[in-house]
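Trainee: Got a sequence here, can you build the structure:
(chains A and B)
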Protein chains: 2
Amino acid sequence: MTAYVLKAEPLTRDEFAPFGEVIDTDGAEHFPINRGTIERFHDLARVDAGEGGAALISIVECSHVAGVPLRVPLVERHLLGSQAFVPLGGAPMCVVVAPAGESVGPEDLRAFVGNGSQGVNYRRGTWHMPLVAFEKGQRFVVVDRGGPEDDCEERVFDASLEITVDTGFLPSPGV
Amino acid sequence: MTAYVLKAEPLTRDEFAPFGEVIDTDGAEHFPINRGTIERFHDLARVDAGEGGAALISIVECSHVAGVPLRVPLVERHLLGSQAFVPLGGAPMCVVVAPAGESVGPEDLRAFVGNGSQGVNYRRGTWHMPLVAFEKGQRFVVVDRGGPEDDCEERVFDASLEITVDTGFLPSPGV
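Mentor: Numbering: from 1, shown residues only, chains lettered A, B, ... in the order given. The predicted model follows:
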């Protein structure tokens, strides 16, 4: 058994840039709309629905919470479009990503932890851990591509690798 | 002065169908993903970014709240794409809409009130009141079209018409 412990970094635009966009109003361009009654934090992320697909808005709800420690048995990628998650009601996200490309190993992984209001948009091809939540019932808006093709490719790590994340906070016990 | 009072209806998929989609998990198709840890309420709304545009994810924050009573001095439409709003953190939405078409008058308007977790996606061309909020600081995820063209057309009602909405609840006093 080989243990890899990923030390989670704070989720920032600059550090996450190789993998996609952080959906966050802090430090974002904004301007007033609707005669000054609304402030618009504009173009935080671009939806990439590729060719022959449609951009869909969905909601996901977590029925199980992440275990402790948080294990990363696999990553997945979507080669035909981007995939965005925005927490509804505040939910710190832990995301584990690796650069797009054919090969992905534990040494390629980076872990990030959001502040509860931040979301992410994975660029097409970015390897990422499937969504996990730390409280049951947490909800996220999802904006991704729908189409006739199956666009989720998984890469399951060898069972001899034990990849875990040090999130820097204490998640709830897994359910 | 001619007074029109729009009696707000509950926001339901069926009643809102002529204008767009209600983004709501209640009664929506759903299925488990990620090995059963997540429930996905799939394809609640379709993003229409038209030709030559990009689908953008933005966040808006209300810096002023709606007055009491809620007045509807104008409506707007986007002819090049859809526009979705999903409340972050729960925020009852009041939307006022009229069918797509060149002409729009007070007799064409319908008002709907959401339950706090519902969002809406205005179909391309649907006339709608600009977003209003009932609490300062309320935030919404917005998914709409970005492009080089100005895609907001306003229709300001004659000043002799006083169009208000009976929301069926007591919003906070306007700020």
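Trainee: Surely residue A:65 and residue A:136 touch.
Mentor: Yes. Contact criterion Cβ atoms under 8 Å: residue A:65 and residue A:136 qualify, at 5.3 Å. Backbone N, C-alpha and C define where each C-beta goes, glycine included.
Trainee: Phi first, then psi, for the residue lying farthest from the centre of chain A.
Mentor: Relative to the mean C-alpha coordinate of chain A, counting by Cα atoms, centre = their mean, the farthest residue is residue A:35 (34.4 Å). Backbone torsions for residue A:35, taken as degrees, to the nearest 10, come to phi 60, psi 40.
Trainee: what does the model give the residue nearest to it when sequence neighbours are not counted for pLDDT?
Mentor: Excluding its sequence neighbours, the residue lying closest to residue A:35 (Cβ to Cβ, 6 or more residues apart in numbering or on different chains) is residue B:130, at 7.9 Å. For residue B:130, the model assigns a pLDDT of 97.
Trainee: residues contacting residue B:130?
Mentor: Residues in contact with residue B:130, defined by Cβ atoms under 8 Å, 6 or more residues apart in numbering or on different chains, are A:33, A:34, A:35, A:37, A:38, B:74, B:76.
Trainee: Across the sheet, point out what pairs with the residue nearest to the first one when sequence neighbours are not counted.
Mentor: Of all residues beyond its chain neighbours, the one nearest residue A:33 is residue A:40 (4.8 Å), with distances taken as Cβ to Cβ, 6+ apart. Taking DSSP bridges as the rule, residue A:40 bridges to residue A:31, residue B:60.
Trainee: Can you report how many residues neighbour residue A:40?
Mentor: Using other Cβ atoms under 10 Å in any protein chain shown, the number of residues around residue A:40 comes to 19.
Trainee: do the same with residue A:10
Mentor: Neighbours of residue A:10 (other Cβ under 10 Å): 12.
Trainee: is it true that it touches residue A:118?
Mentor: No. Counting by Cβ under 8 Å, residue A:10 does not reach residue A:118; the two are 9.6 Å apart.
Trainee: low pLDDT regions in chain A?
Mentor: A:169-175 (pLDDT under 70).
Trainee: In terms of neighbours, single out the busier of residue A:65 and residue A:136.
Mentor: Ranked by neighbour count (other Cβ under 10 Å), residue A:65 and residue A:136 place residue A:65 first, with 19 against 12.
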